[in-house]
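Novice: starting from these lines, generate the structure:
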Amino acid sequence: MEKGAVSVNWQDELRKLDDELASGRISADDYRVRRDQVLFSSNTSGQQASGQQRWQAQPPSAAPAGPTTGSQATQFITPVGGGEPPKPAPNPDATQVVTPRPADADRTQAVPSAGMGQPNYGPPSPAHGFQQPGPPPWQASTDQAPPWLTQSNDNWSRSGPEVFDESSSGKGKKVFAIIGVVLVIALIGGAVWWFGLRGGSGGTENTTAAATTTSTTTKPKTALELLPAAPGTADPNNGEATPDKLVTAGFLTPEEGDVLTTEGVQKIAFKGGKDGAFTYHAEVFETDSPEKATKIAADLAEAAGKSGMVDGARGALPEKAKVLQLIKPKQSGSYVVVYSTGKQVVRASTVQEPIGDADTDLIQKFQEYSVAVSRKFPAA
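Specialist: Predicted coordinates for the structure are as follows:
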């Protein structure tokens, strides 16, 4: 009973190993190592049960063709009775082979040996041990895909870099095509704007007009341009003038002309006009410095005083302005204001002739005109 139990135990172990190999749970190398261990254990157990036996190596009855040496060679042994059994080969890949049962070619069983009651091993397995089960029918050829992958819609089964090859290149081409279309449209639009809207009819004229307007606004106005037009009919002497010309026309006294000549003033802006009994005129004298302008303004006020003019009411004119008046009842009346602003000296005058008993109208006309001039030339 003990001998039979040993035989059954190692056969069960071999069947389990066969099942694990067939199901893929162990590799062929693990299968060979564990099978050698089971066979070695069965031999040792059999010796302990039946006493000392002798073992003799003999070739199998039907050995397969091929090399019998190397790390994968199979050792076949047969008990001959008596003596110590040989020790297992040091090669871990050496295998003990038993005859497979007819019902299952992948399973191994042992048969009793003649005269010894020990298993007699039948034809050996191939030199390299048992092979793993072959691939399924649909994987028999690596060049043939499974039947369900032969359809046209096989993108779902792809994996790895090939998934991105086709789609990536397609999307990239679409993106570049869209960018190209956008650039072409932008270039066409720019050309239409440049040659049609900007450089077409009227484009050059509009550009020139804009440049002229810009230069006009940035360029400071001259004193003659800033002077407001006098009421009434414009005087024929309007424009650039000299001291002598203004003295001759009666707009300056000889004493005032001498001040301007002495100080070297030669550039004078003049605007005048006549409206009924009222005569208006204003002058702007250009000097070299603010100090000279202040001195000339004081000298002109002093020269006007020498001609009989006296201080008059300032009204809305600048505080630093000097206002002078000369009233001759029933004859004429005149008001003059003079002050400096920066390098310029501003002088404005209003004359009424004839004048009545009062100078009310004269004062009003003088204030309106002189204040308009002072707004164009604020006192510094």
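
Novice: all helices for the stretch 201-350 of the chain, in order.
Specialist: 203-218, 223-226, 243-249, 254-262, 290-306 (DSSP state H, counting those that start in this stretch).

Novice: could I get the ones you listed as TSV with mean neighbour count?
Specialist: (C-beta placed from N, C-alpha, C; glycine too.) Below are those laid out as TSV (neighbours: other C-beta atoms under 10 Å):
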stretch	mean neighbour count
helix 203-218	10
helix 223-226	15
helix 243-249	17
helix 254-262	18
helix 290-306	19
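
Novice: now those as a markdown table including mean pLDDT and distance to Trp10?
Specialist: Output for the helices of the stretch 201-350 of the chain, formatted as a markdown table (pLDDT from 0 to 100; distance: least, C-beta to C-beta, whole Å):
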| stretch | mean pLDDT | distance to Trp10 |
| --- | --- | --- |
| helix 203-218 | 57 | 106 |
| helix 223-226 | 95 | 126 |
| helix 243-249 | 94 | 144 |
| helix 254-262 | 94 | 142 |
| helix 290-306 | 95 | 128 |
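
Novice: out of these, the one nearest Gly272 is which?
Specialist: Distance to Gly272, taken as C-beta to C-beta, is lowest for helix 243-249 among these, at 8.7 Å.

Novice: Asp311 - how many residues pack around it?
Specialist: A count of nearby residues for Asp311, using other C-beta atoms under 10 Å, gives 11.

Novice: in the sheet, who's paired with it?
Specialist: Leu324 (DSSP bridges).

Novice: poorly predicted segments of the stretch 51-200 of the chain, please.
Specialist: Counting by pLDDT under 70, the stretch 51-200 of the chain shows low-confidence ranges at 51-172, 196-200.

Novice: tabulate the helices of the stretch 201-350 of the chain (JSON lines), appending distance to Lys16.
Specialist: Listed next are the helices of the stretch 201-350 of the chain as JSON lines, based on distance: least, C-beta to C-beta, whole Å:
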{"stretch": "helix 203-218", "distance to Lys16": "97"}
{"stretch": "helix 223-226", "distance to Lys16": "118"}
{"stretch": "helix 243-249", "distance to Lys16": "135"}
{"stretch": "helix 254-262", "distance to Lys16": "134"}
{"stretch": "helix 290-306", "distance to Lys16": "120"}
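
Novice: can I see the domain layout of the chain?
Specialist: 2-137, 223-376 (automatic domain parsing).

Novice: which ones are touching Lys376?
Specialist: 226-228 (C-beta atoms under 8 Å, 6 or more residues apart in numbering).

Novice: so what's Asp275 up against?
Specialist: Residues near Asp275 by C-beta under 8 Å, 6+ apart: 230-233.

Novice: pick out whichever of the contacts of Lys376 sits closest to Ala301.
Specialist: Taking C-beta to C-beta as the measure, Ala301 lies nearest Leu227 of those, at 20.3 Å.

Novice: leaving out the residues flanking it, which one is nearest to that closest one?
Specialist: Closest residue in space to Leu227, ignoring its immediate chain neighbours: Lys271 at 4.5 Å, by C-beta to C-beta, 6 or more residues apart in numbering.

Novice: who are the neighbours in contact with the one you found?
Specialist: Counting by C-beta under 8 Å, 6+ apart, Lys271 has contacts 224, 227-230, 234-235, 238, 281-282.

Novice: top of those residues by neighbour count?
Specialist: Ala282 (27 neighbours).

Novice: for that one, which non-adjacent residue is closest in space?
Specialist: In this structure, Ala282 finds its nearest non-sequential neighbour in Ala348, 4.2 Å apart by C-beta to C-beta, 6+ apart.

Novice: that neighbour and Tyr339 touch, don't they?
Specialist: No: using C-beta atoms under 8 Å, Ala348 makes no contact with Tyr339, being 9.6 Å away.

Novice: which residues are common contacts for these two?
Specialist: Ser374.

Novice: quick one on the thing from earlier: dump the contacts of Lys376 to CSV, plus distance to Pro354.
Specialist: Below are the contacts of Lys376 laid out as CSV (distance: C-beta to C-beta, whole Å):
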residue, distance to Pro354
Leu226, 32
Leu227, 27
Pro228, 26
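
Novice: just give me the closest of those to Lys173.
Specialist: Distance to Lys173 across these (C-beta to C-beta) is lowest for Leu226, with 69.1 Å.

Novice: identify the residue nearest that closest one in space, chain neighbours excluded?
Specialist: Closest residue to Leu226 apart from its sequence neighbours, by C-beta to C-beta, 6+ apart: Lys376 at 4.6 Å.

Novice: for Leu227, see how far away that neighbour is.
Specialist: According to C-beta to C-beta, to the nearest Å, Lys376 stands 7 Å off from Leu227.

Novice: quick one on the thing from earlier: nearest to Glu368, of the helices of the stretch 201-350 of the chain?
Specialist: In terms of C-beta to C-beta, the element of the helices of the stretch 201-350 of the chain nearest to Glu368 is helix 223-226, at 17.6 Å.

Novice: doesn't Arg32 belong to a helix?
Specialist: Yes: the assignment for Arg32 by DSSP: H, G, I helix; E, B strand; the rest coil puts it in a helix.

Novice: show the pLDDT at it.
Specialist: Confidence at Arg32, expressed as pLDDT, is 88.

Novice: against Leu14, how distant is it?
Specialist: Taking C-beta to C-beta, one finds Arg32 at 12 Å from Leu14.

Novice: so who does the nearest residue to Leu246 once chain neighbours are set aside touch?
Specialist: Spatial nearest neighbour of Leu246, excluding adjacent residues (C-beta to C-beta, 6+ apart): Leu252 at 4.4 Å. Applying C-beta under 8 Å, 6+ apart to Leu252 gives the contacts 243, 246, 260, 283.

Novice: distance of the nearest residue to the third one once chain neighbours are set aside from Ala249?
Specialist: Using C-beta to C-beta, 6+ apart and skipping the chain neighbours, the partner closest in space to Leu260 is Pro243 (4.1 Å). With the distance defined as C-beta to C-beta, Pro243 ends up 11 Å from Ala249.
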